[in-house]
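Peer 1: Sequence below, structure please.
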Amino acid sequence: MRSGARIEAFLEMMSAERGAAENTLLSYRRDLEDASAHMDGRLAEADPDAIRTYLDSIAAQGFAATSQARKLSAIRQFFRFLYAEGLRADDPTGTLDSPRKDRPLPKTMSEAATGRLLDRAALEAAEAGPGEALAAKRMHALVEVLYATGLRVSELVGLPVSVATRDERFFVVRGKGNKERMVPLSGKARIAMRVWLEERARHPKLAESSYLFPASSESGYLSRQVFGRDLKALAARAGIASAKISPHVLRHAFASHLLQNGADLRAVQQLLGHSDISTTQIYTHVLEERLLRLVNEHHPLAD
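Peer 2: Next up, the predicted model:
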């Protein structure tokens with residue numbers, strides 16, 4: 001049975017036994033026929049080297065890693081079918097590695113844009129009238145604490161009020177895996193938090209809550225969605241495109257700005273609450289830029 005007939009048999013099995021959709025079958029057909037054409041119609045007889053050569057060729061053509069992975073997946077399933085049906089004595093894809101997908105760099109903000117956002121929050125908190133003070137002072141405390149600590153948004157909005165009554169210099173946060181970590185507060189964050197606690201105490205219903213940022217929600221605290229929406233509105237008032245900001249972007253800004261200014265990657269890992277240093281290594285581009293700048297500025301032979 002030639003490769004074309006075996007591809008047809010594979011597609012028939014995918015349709016009849018697995019109920020694959022028409023678009024899925026068309027995609028498999030395209031990918032398998034493309035691979036077979038590259039191998040002079042002998043895909044069904046290919047060895048690992050032939051398949052690697054094909055994968056190298058599509059990588060050289062500029063196919064994205066996701067497209068390369070999809071094509072390899074189709075080939076893998078094809079050979080598993082041949083092996084299961086006794087049409088091949090081996091599976092040549094067993095030793096092949098999937099194309100490595102580049103992790104996208106995290107979205108972040110410049111120090112100048114972050115400063116504008118915090119300044120706007122401080123201004124609105126200071127100038128708010130009686131009907132606006134609660135929301136404005138809460139937002140000021142939220143953004144100052146988020147930028148000072150790099151907390152996950154779920155950690156931030158769900159903080160118990162007790163964290164703010166122990167020692168105002170630090171928050172002890174319970175994060176993923178129920179692990180505790182200590183994060184320091186900046187001077188501005190401490191002031192914003194003090195003002196918020198005073199405002200919170202003026203409202204009996206809020207003062208009774210066990211949460212630092214209480215709300216009349218099912219959880220009892222401010223929801224991530226409400227904070228995200230209000231943060232975008234604050235950004236717009238500060239002249240920052242709302243599409244470019246979210247609580248997660250501020251967390252990334254915290255980490256990036258620390259590294260840009262000399263912090264150690266391990267220290268940032270601990271502050272972010274990453275259990276594995278490999279998660280924090282998405283920021284290595286910041287370290288590379290810092291080291292390049294260091295060499296260019298201080299090496300005696302630099303231009």
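Peer 1: got any ranges where this protein has weak pLDDT?
Peer 2: When residues are selected by pLDDT under 70, those of the chain lie in 1, 98-106, 278-282, 284-303.
Peer 1: Wasn't Arg181 part of a helix?
Peer 2: No: read with DSSP: H, G, I helix; E, B strand; the rest coil, Arg181 is strand and lies in no helix.
Peer 1: That one contacts His274, correct?
Peer 2: No: using Cβ atoms under 8 Å, Arg181 makes no contact with His274, being 10.1 Å away. The C-beta positions use only the backbone N, C-alpha and C, and glycine is treated the same way.
Peer 1: quick one: common contacting residues for those two?
Peer 2: When contacts are counted by Cβ atoms under 8 Å, 6 or more residues apart in numbering, the set common to Arg181 and His274 is empty.
Peer 1: Put the alpha carbons of stretch 262-279 into PDB.
Peer 2: Listed next in PDB are the C-alpha coordinates belonging to stretch 262-279 (Å, rounded to 0.1, in the frame of the first residue of the first chain):
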ATOM      1  CA  GLY A 262      20.000  45.700  40.100                       C
ATOM      2  CA  ALA A 263      17.800  43.100  41.900                       C
ATOM      3  CA  ASP A 264      18.800  39.400  41.900                       C
ATOM      4  CA  LEU A 265      16.700  37.000  40.000                       C
ATOM      5  CA  ARG A 266      16.400  34.700  43.000                       C
ATOM      6  CA  ALA A 267      15.100  37.500  45.200                       C
ATOM      7  CA  VAL A 268      12.500  38.400  42.600                       C
ATOM      8  CA  GLN A 269      11.500  34.700  42.400                       C
ATOM      9  CA  GLN A 270      10.800  34.800  46.200                       C
ATOM     10  CA  LEU A 271       8.900  38.000  46.000                       C
ATOM     11  CA  LEU A 272       6.700  36.800  43.200                       C
ATOM     12  CA  GLY A 273       6.000  33.500  44.900                       C
ATOM     13  CA  HIS A 274       7.300  31.400  42.100                       C
ATOM     14  CA  SER A 275       8.100  27.900  43.300                       C
ATOM     15  CA  ASP A 276      10.500  27.300  40.400                       C
ATOM     16  CA  ILE A 277      13.200  29.700  39.100                       C
ATOM     17  CA  SER A 278      12.300  28.600  35.500                       C
ATOM     18  CA  THR A 279       9.000  30.500  35.800                       C
END
